[in-house]
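> give me a 3D structure for the following:
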Amino acid sequence: MFFTTLVNKDNPIKPTYLNKVTLVKTKNINDEDVLIEENTLQNFLKLKDFFQKRKIIIGISSAFLPLDNQKDDFFEASFSKIEKGFSEHHTGLAVDFAIWVDNHYIVTKEEAQRYSSLYEEIYSYLKEYGFILRYPKEKELSTKHSFEPWHIRYVGKIPASLIVENNLTLEEYLNNFSGIVVINKEKNMTSFDVVHEISTLFGIKKVGHTGTLDPLAQGVMLVAINKATKIVELLTAYEKEYIASVKLGIQTDTLDITGTIINKKEIPKKLPIEDALNFYKKTYLQEVPIYSAVKVNGKKLYEYARNNKKIILPKKEVTIKEIELLKKEKDTFTFRALVSKGCYIRSLIRDISLYLNTYGTMTELIRTKQGNISLDNAYTLEDIKNGNYKLLSITDVLNYPVIIVDNTIAFKIKNGQNLDNIWNIKDKVIFKNSQEQILGIYEVNSDKLKVWKNF
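You can find the predicted model right below:
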């Protein structure tokens with residue numbers, strides 16, 4: 001489930017929401033039974049234990065409210081009437097906590113103000129346990145809710161850290177936060193698996209990758225989050241570098257070792273592998289593998305393969321920019337290749353093997369680079385779960401000039417107007433406002449600049 005589910009005055013809770021939530025029972029500060037989402041409770045108890053060691057006692061005053069509840073009884077004096085379906089307490093992810101001071105729990109804003117430094121200390125550790133202060137001061141325009149010192153919300157550790165470190169609200173995080181994370185994809189995962197994992201970890205649904213890697217393959221995979229998905233097509237177009245291993249003498253239906261062997265052929269005694277590699281250092285029409293997601297007549301090629309339907313495979317122009325032999329043994333070899341967009345290494349191996357008068361099947365594949373992003377800059381999913389990663393910005397991964405514009409030009413960009421090319425831009429340009437926020441990417445159109453993507 002998404003722990004970042006947004007419920008506010010503009011976003012009522014969905015009727016099916018609770019189908020995906022596990023609510024568990026615990027005790028509030030009055031020793032009454034209350035319900036709370038299970039992960040939220042586990043992390044709140046860790047937070048509570050942490051502060052107990054610091055001689056600060058906190059407890060739950062209010063948590064889950066069923067849809068048929070209109071008020072929180074404990075804070076009846078300080079809460080206005082909660083509109084049915086629009087309260088965060090319906091999620092089970094929200095907690096109103098109370099602090100034990102001078103032999104009683106603080107339950108009013110007046111008291112909370114007197115102990116503001118104590119609350120600030122608690123806020124400073126919330127992100128470590130996946131919580132945020134949901135309605136902070138001076139963010140009322142974003143949350144459309146007045147400051148509540150005791151109302152915290154479980155969103156997960158990664159979203160909580162990003163929200164706190166960037167001084168965002170949950171609304172701002174879900175609407176405006178963006179970035180690119182460089183994944184070192186492991187074997188036996190699909191590209192979709194990686195995207196789904198990143199989407200869940202960051203609590204953002206709008207996530208996309210910039211070039212499919214087969215389950216057999218590993219290595220660099222750029223995953224764009226939120227508004228960064230607008231530049232996916234640019235990142236996909238970047239050249240890519242691979243290291244591939246080949247077993248000669250066999251061919252499978254998938255052109256890799258995971259498939260079924262469909263052809264065998266004796267391996268010639270003389271194998272001019274370097275000659276074969278050099279022959280394919282060129283631009284040529286490459287036949288697309290039948291097991292691929294390329295569409296023909298509206299259907300993906302692998303759908304034809306699975307249904308045993310014959311189809312004329314399309315050919316695409318690809319460029320092998322660099323290629324070199326790394327290792328050679330009796331019936332195997334390994335090579336490095338720098339290739340253009342759309343090149344299938346499985347197909348390249350098939351073509352090289354036919355040049356050698358035999359068959360060949362890919363046994364391993366590592367993408368070592370995409371554009372200027374190398375494997376050295378990549379993180380495993382485990383790294384990311386442990387908070388060991390760095391997000392790249394749109395300007396980090398695009399090699400275009402960046403121009404800061406004044407409010408007049410910013411207004412024109414916001415409205416998608418063409419601009420005079422007073423900066424002598426040759427291709428594309430990234431425009432930012434004085435707060436370093438990306439406004440849009442423009443491209444040359446005759447003597448003007450026209451919007452390519454607006455942010």
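> all helices for the stretch 101-250 of the chain, in order.
Taking DSSP state H, counting those that start in this stretch to define them, one finds helices in the stretch 101-250 of the chain at 109-114, 116-126, 140-143, 157-165, 170-176, 191-202, 232-236.
> so which bits of the strand ranked longest in the chain are buried?
In terms of residue count, the longest strand belonging to the chain (DSSP state E) is strand 315-328. Counting neighbours by 16 or more other CB atoms under 10 Å, one finds that the buried residues in strand 315-328 are 316, 318-320, 323. Just so you know, the C-beta spots here come from the backbone N, C-alpha and C atoms, and that holds for glycine as well.
> then it to CSV, C-alphas only?
Extracted in CSV, the C-alpha atoms of strand 315-328 (Å, rounded to 0.1, in the frame of the first residue of the first chain):
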residue,chain,number,x,y,z
LYS,A,315,14.2,-4.0,-38.6
LYS,A,316,15.5,-0.9,-36.9
GLU,A,317,18.5,1.2,-37.7
VAL,A,318,21.1,1.0,-34.9
THR,A,319,24.6,2.2,-34.5
ILE,A,320,27.4,0.2,-32.8
LYS,A,321,29.7,3.1,-31.8
GLU,A,322,32.3,1.1,-30.0
ILE,A,323,32.9,-2.6,-29.6
GLU,A,324,35.8,-4.6,-28.2
LEU,A,325,36.6,-8.2,-27.1
LEU,A,326,37.3,-8.6,-23.4
LYS,A,327,37.7,-12.3,-22.9
LYS,A,328,37.7,-15.4,-25.2
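> packing partners for that strand?
Helices and strands touching strand 315-328, by 3 or more CB pairs under 8 Å, 6 or more residues apart in numbering; DSSP states H and E, are helix 273-279, strand 283-287, strand 332-339.
> in JSON lines, list the ones you listed along with mean neighbour count and distance to residue 251.
Converted to JSON lines, the helices and strands packed on strand 315-328 look like this (neighbours: other CB atoms under 10 Å; distance: least, CB to CB, whole Å):
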{"stretch": "helix 273-279", "mean neighbour count": "16", "distance to residue 251": "16"}
{"stretch": "strand 283-287", "mean neighbour count": "14", "distance to residue 251": "13"}
{"stretch": "strand 332-339", "mean neighbour count": "20", "distance to residue 251": "15"}
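> just to revisit the earlier point, how far off centre is the longest strand of the chain?
Centroid separation between strand 315-328 and its chain, computed with CA atoms, centre = their mean, to the nearest Å, is 30 Å.
> just want the angle from that strand to strand 332-339.
Interaxial angle, strand 315-328 versus strand 332-339 (axes from the mean of the first three to the mean of the last three CA atoms, to 10 degrees): 130 degrees.
> partner strands of strand 315-328, parallel or antiparallel?
With DSSP bridges as the test, strand 315-328 is paired with strand 283-287 (antiparallel), strand 332-339 (antiparallel).
> picking that back up, right, so of the helices and strands packed on strand 315-328, which gets closest to residue 99?
strand 332-339 (59.5 Å; CB to CB).
> what's the following helix or strand after that closest one?
Remark: after strand 332-339, the chain's next helix or strand is helix 345-355, criterion DSSP states H and E.
> what residues of that next one count as buried?
Neighbour counts over helix 345-355 (16+ other CB under 10 Å) mark 345-353, 355 as buried.
> which residues sit against the longest strand of the chain?
With contact meaning CB atoms under 8 Å, 6 or more residues apart in numbering, strand 315-328 is reached by 239, 241, 243, 271, 273-274, 277-278, 280-288, 333-344, 348.
> what of stretch 188-195?
For stretch 188-195, contacts defined as CB under 8 Å, 6+ apart pick out 183, 185, 207-209, 212-213, 215-216, 221, 223, 381.
> of these, buried ones?
Buried among these by 16+ other CB under 10 Å: 183, 185, 207-209, 213, 216, 221, 223, 381.
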